[in-house]
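Engineer: please work out how this folds:
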Amino acid sequence: MEDDTFQLHCYHSLTGLKFIVSATPSTQNLQRLLKDIYGLYCDFVMKDPFHRLEQPIKSKKFIQHLDNLVQRTSDIISK
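Structural biologist: Residues are numbered from 1 along each chain as shown. Alright, predicted model coming up:
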């Protein structure tokens with residue numbers, strides 16, 4: 001979905017999980033970003049034996065890596 005002021009993209013995994021991101025219209029490669037976020041989710045959340053589906057994500061490693069990914073993406077866009 002796109003508008004003059006934003007764009008909205010959704011990544012729907014084969015297991016039914018959905019990741020949604022909102023960005024400015026000039027932001028590129030959002031599908032790639034969403035796939036990378038899903039990869040982090042698989043690596044740090046799904047492999048966590050203490051995580052339960054339908055519960056908030058509490059993995060500090062996931063949040064740290066997600067923050068790094070978003071920051072790198074922001075740096076690339078702003079150049």
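
Engineer: in the worst-scoring helix or strand of the chain on mean pLDDT, what counts as buried?
Structural biologist: One helix or strand of the chain scores below all others by mean pLDDT, DSSP states H and E: helix 60-78, with a mean of 87. By neighbour count on 16 or more other CB atoms under 10 Å, the buried set for helix 60-78 is 62, 65-66, 73. In this view, the C-beta of every residue, glycine as well, is placed from N, C-alpha and C.

Engineer: what do you get for stretch 35-48?
Structural biologist: Those would be 36-38, 40-41, 44-45, for stretch 35-48 by 16+ other CB under 10 Å.

Engineer: now those in CSV, with secondary structure, distance to residue 24 and pLDDT?
Structural biologist: As requested, the buried residues of stretch 35-48 are exported to CSV (DSSP: H, G, I helix; E, B strand; the rest coil; distance: CB to CB, whole Å; pLDDT from 0 to 100):
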residue, secondary structure, distance to residue 24, pLDDT
36, helix, 19, 95
37, helix, 18, 96
38, helix, 22, 96
40, helix, 22, 97
41, helix, 24, 96
44, helix, 27, 96
45, helix, 27, 96
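
Engineer: report the beta-bridge partner residues of residue 10.
Structural biologist: According to DSSP bridges, the residues that bridge with residue 10 are residue 20.

Engineer: count of residues packed around it?
Structural biologist: A count of nearby residues for residue 10, using other CB atoms under 10 Å, gives 12.

Engineer: now the residue nearest to the spatial centre of the chain: how far from residue 75?
Structural biologist: Closest to where the C-alpha atoms of the chain average out (CA atoms, centre = their mean) is residue 37, at 3.6 Å. In this view, residue 37 and residue 75 are 17 Å apart by CB to CB, to the nearest Å.

Engineer: same question for residue 67.
Structural biologist: From residue 67 to residue 75 the distance is 12 Å (CB to CB).

Engineer: now swap in residue 10 and tell me
Structural biologist: The gap separating residue 10 from residue 75 is 24 Å, by CB to CB.

Engineer: before we move on, what about residue 53?
Structural biologist: 33 Å.

Engineer: next one: residue 26
Structural biologist: For residue 26 relative to residue 75 (CB to CB), the value is 15 Å.

Engineer: quickly find the element holding residue 31.
Structural biologist: In the assignment (DSSP states H and E), residue 31 maps to helix 30-41.
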